[in-house]
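**Student:** After the sequence you'll find the predicted model.
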Amino acid sequence: MTAPGQGGPPAAADVPRRNWAGNVRYAAREFHRPATTDELRRLVAGSSRIRAVGTGHSFNRLGDTDGDLVTLAGLPPTIEIDRERGQVTVAGALRYGDVAQHLHTQGYALANLASLPHISVAGAVATATHGSGQTHGNLATSVAALEMVTADGDLLRVDRDDDTFAGMVVGLGALGIVTRVTLDLVPTFDLRQFVRLDLAPEALDEALGSAYSVSVFTDWRTPTLREVWRKQVVDQSPPEADWLGTTAADEPRHPVLGMPAENCTVQLGVPGPWHERLPHFKLGFTPSSGDELQSEYHVPRASAMEALAALGDVAHLIAPVLQVCELRTVAADELWLSPNHLRDSLAVHFTWVDDAAAVLPVLVEVEARLAPFGPRPHWGKVFVTDPAELAARYPRYADFTALLTDLDPKGKFRTDLLDHYFPR
Ligand SMILES: Cc1cc2nc3c(=O)[nH]c(=O)nc-3n(C[C@H](O)[C@H](O)[C@H](O)COP(=O)(O)OP(=O)(O)OC[C@H]3O[C@@H](n4cnc5c(N)ncnc54)[C@H](O)[C@@H]3O)c2cc1C
């Protein structure tokens, strides 16, 4: 099957020169858009320094390189469903939104999605992108197999039976260029999305566990948490009128105050398919605010209330540079570099104003307050964590570093940011 909006003649001019937010201008010497896997293999084999870019929705220099930058958007946009195994194998450059639309027409779904459907599968998986729901792992946990071009240009396929598979899925783009990803499927399902206003912080725990996927938004300016977005299966009863002391939103909302709600997926309890309710933002519209930076930290789910109280001490620093803060849950997994490694998590996300000079000092304070909870930053967002501290928060960090050296001995896929966090 060929997905919509992909393919077309390969042209290096189509490779993005900067990330989606515009805060990173890629420093690559050359930009490439191969049309076949063989062309990609030759490119990788002949390059001394190379990285793949997905849809460029990361906020840091993890994916930047001073060598060759390659998009896989010119490769055939295949989606192959294996009904017997309940899995789908997709071209890594495809966007989750395009994959989801096709799966739904075939009676299938993915267990979870991020807040936006615009991101590529390979790019999202590489950074352990997640949605919400305390029984759902991040998006990388649905990966059953990967096909990648390794540093010497070989094609490598790994699946859950391989010893190092758990180290390779959240690969930060550092182990190889992922051409195809196999994902677990579930039967398609419908959800309803209710937005509730003014949650008392004491009720946070209960609210987060109240439905399939729950997001809580706050701007750290008011004593209550501003909005709860409850995405629930259709046969769960709607929240009662006075649910946890909140009131019902009587019109659609955008997470960022003042932004148009028409960019957002349908609310007010109208039933709809999973891929049109799990993300906050519609595929055809701009997600979030656009002029922004993002950071996110995963802390143990059991420490949620304490971690929030610690951040409350610096609310006066956070609020002036914040557009919105989102709280979500993610189930524990075994992937080596997953921020949810062996830990049910609360993910504390910040959409900042687009002003790095103003935001960075606040990030230092935020990280200091969260330090007692061993925060693991989102790999694709802005963070300032000390490398030794970060290493200490991942039990398999040394194993991942060994995997890096093993698969990429000459550092072909390395970037400055990787060298900083995984010194050779
Ligand atoms: C508006 C907005 C909302 C967001 N919401 C969420 C959210 O709800 N949850 C969440 O967890 N994150 C969220 N993010 C962050 C985003 O999901 C991640 O940064 C994700 O990695 C972006 O995917 P991408 O395809 O744009 O990857 P890119 O930013 O292009 O690349 C990310 C990394 O993956 C590598 N990579 C890309 N393609 C390949 C490949 N084929 N093979 C090997 N490596 C590859 C790159 O080299 C890079 O290191 C959001 C970002 C934005 C801008």
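**Tutor:** That came through, no problem. The structure displayed is predicted, hence computed values, not measured ones.

**Student:** What parts of the stretch 101-250 of the chain come near the ligand?
**Tutor:** 114-116, 119-120, 122-124, 126-127, 129-130, 172-173, 177-178 (CB under 6 Å from any ligand atom). Where C-beta positions appear, they are placed from N, C-alpha and C, glycine not excepted.

**Student:** closest to residue 88 among those?
**Tutor:** residue 122 (14.0 Å; CB to CB).

**Student:** Chain neighbours aside, what residue packs nearest to the closest one?
**Tutor:** Closest residue to residue 122 apart from its sequence neighbours, by CB to CB, 6 or more residues apart in numbering: residue 92 at 3.1 Å.

**Student:** Find the nearest non-adjacent residue to residue 390, please.
**Tutor:** residue 421 (6.2 Å).

**Student:** ok, back up a step: ok, how many other residues are close to the residue nearest to residue 122?
**Tutor:** 24 (other CB atoms under 10 Å).

**Student:** Please name the residues that touch it.
**Tutor:** 54, 72, 120-123, 178-181 (CB atoms under 8 Å, 6 or more residues apart in numbering).

**Student:** try 6 Å
**Tutor:** The contact partners of residue 92, by CB atoms under 6 Å, 6 or more residues apart in numbering, come to 72, 121-122, 178-179, 181.

**Student:** can you redo these as TSV with pLDDT, neighbour count and secondary structure?
**Tutor:** As requested, the contacts of residue 92 are exported to TSV (pLDDT from 0 to 100; neighbours: other CB atoms under 10 Å; DSSP: H, G, I helix; E, B strand; the rest coil):
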residue	pLDDT	neighbour count	secondary structure
72	97	27	coil
121	98	27	helix
122	98	26	helix
178	98	28	strand
179	98	22	strand
181	98	28	strand
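
**Student:** Any part of stretch 29-39 near the ligand?
**Tutor:** No: judged by CB under 6 Å from any ligand atom, stretch 29-39 stays clear of the ligand, getting no closer than 11.5 Å.

**Student:** Could I get the average pLDDT for the helix ranked longest in the chain?
**Tutor:** Looking across the chain with DSSP state H, the single longest helix is helix 356-370. For helix 356-370, mean pLDDT is 98.

**Student:** Report the distance from it to the chain centre.
**Tutor:** 21 Å (CA atoms, centre = their mean, to the nearest Å).

**Student:** name the helices or strands packed onto that helix?
**Tutor:** If contacts are counted by 3 or more CB pairs under 6 Å, 6 or more residues apart in numbering; DSSP states H and E, helix 356-370 sits against no helix or strand.

**Student:** quick one: is the helix or strand residue 417 falls within near the ligand?
**Tutor:** Assigned by DSSP states H and E, residue 417 belongs to helix 416-421. No: using CB under 6 Å from any ligand atom, helix 416-421 stays clear of the ligand, with a minimum separation of 8.6 Å.

**Student:** Quick one: mean pLDDT over that helix.
**Tutor:** On average, helix 416-421 scores 96.

**Student:** Could you do stretch 332-350 as well?
**Tutor:** On average, stretch 332-350 scores 98.

**Student:** That stretch vs the ligand: in contact?
**Tutor:** No: residues of stretch 332-350 are not located near the ligand by CB under 6 Å from any ligand atom, the shortest gap being 7.3 Å.

**Student:** How far does that stretch stretch from one end to the other?
**Tutor:** From its first residue to its last, stretch 332-350 covers 21 Å (CA to CA, to the nearest Å).

**Student:** which residues are in contact with it?
**Tutor:** With CB under 6 Å, 6+ apart as the test, stretch 332-350 has contacts from 128, 137-138, 140-141, 166-167, 169-170, 295-301, 304, 325-326, 328, 330-331, 376, 396, 400.

**Student:** follow-up on the earlier one: residues of the helix holding residue 417 that come out buried?
**Tutor:** 417-418, 421 (16 or more other CB atoms under 10 Å).

**Student:** Could you check how far residue 410 is from the ligand?
**Tutor:** 17 Å (CB to the nearest ligand atom, to the nearest Å).

**Student:** ditto for residue 311
**Tutor:** Applying CB to the nearest ligand atom to residue 311 and the ligand gives a distance of 19 Å.
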